[in-house]
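Q: Here you go, sequence then predicted model.
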Amino acid sequence: MKSIKEIIGESVSSYTGSEATKAMVMEEIKKRYGESELKNFDPYHNARTLHSWAKLGFRVRKGERAIKSMTFIESKDENGNPIKRCRRPVNIFYYRQVDFIGPEQTI
């Protein structure tokens with residue numbers, strides 16, 4: 001059986017590098033899986049949205065609960081200048097919450 005890293009390869013998630021978001025997700029992973037699991041956490045590869053996992057051929061296991069995160073969306077005017085910034089909730093799933101089903105069986 002291939003590891004998740006072998007299947008995913010170099011595919012990068014949409015994580016933008018926010019330290020606050022990373023800390024929030026790490027705290028939830030610590031609560032759910034213990035402090036030893038934090039060494040495996042890589043926000044660019046193994047914490048993704050449902051849609052992102054599905055595109056890679058994974059399915060979230062039945063009964064798994066999403067890890068709540070957030071992102072900020074900027075509205076820009078016609079000149080490209082930011083007008084306002086809105087907080088948007090994001091539900092992500094950790095690699096321990098998904099199973100590989102193959103690319104031909106995705107959503």
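A: Great, that's in hand.
Q: tally of neighbours for the nearest residue to Tyr33 once chain neighbours are set aside?
A: With Cβ to Cβ, 6 or more residues apart in numbering as the criterion, Tyr33 has its nearest non-adjacent residue at 6.5 Å, and that residue is Arg96. Heads up, the C-betas are built off the backbone N, CA and C, glycines and all. Using other Cβ atoms under 10 Å, the number of residues around Arg96 comes to 14.
Q: Arg96 and Gly34 touch, don't they?
A: No: look at Arg96 against Gly34 with Cβ atoms under 8 Å: they stay out of range, at 11.2 Å.
Q: Assign a three-state SS to the residue nearest to Tyr33, would you?
A: Here Arg96 is helix, with the state taken from DSSP: H, G, I helix; E, B strand; the rest coil.
Q: what do you get for Lys30?
A: Going by three-state DSSP: Lys30 is helix.
Q: How much space separates the residue nearest to Tyr33 from His51?
A: Applying Cβ to Cβ, to the nearest Å, the value for Arg96 to His51 is 19 Å.
Q: residues contacting the nearest residue to Lys30 once chain neighbours are set aside?
A: Once flanking residues are discounted, Lys30 sits nearest to Leu38: 6.0 Å by Cβ to Cβ, 6+ apart. For Leu38, the contact set (Cβ atoms under 8 Å, 6 or more residues apart in numbering) comprises 26, 29-30.
Q: so which of those comes closest to Arg85?
A: For the contacts of Leu38, the minimum distance to Arg85 (Cβ to Cβ) is 23.6 Å, reached by Met26.
Q: ok, so what distance separates the closest one from Lys39?
A: To Lys39, Met26 is 11 Å away according to Cβ to Cβ.
Q: Good, wrapping up.
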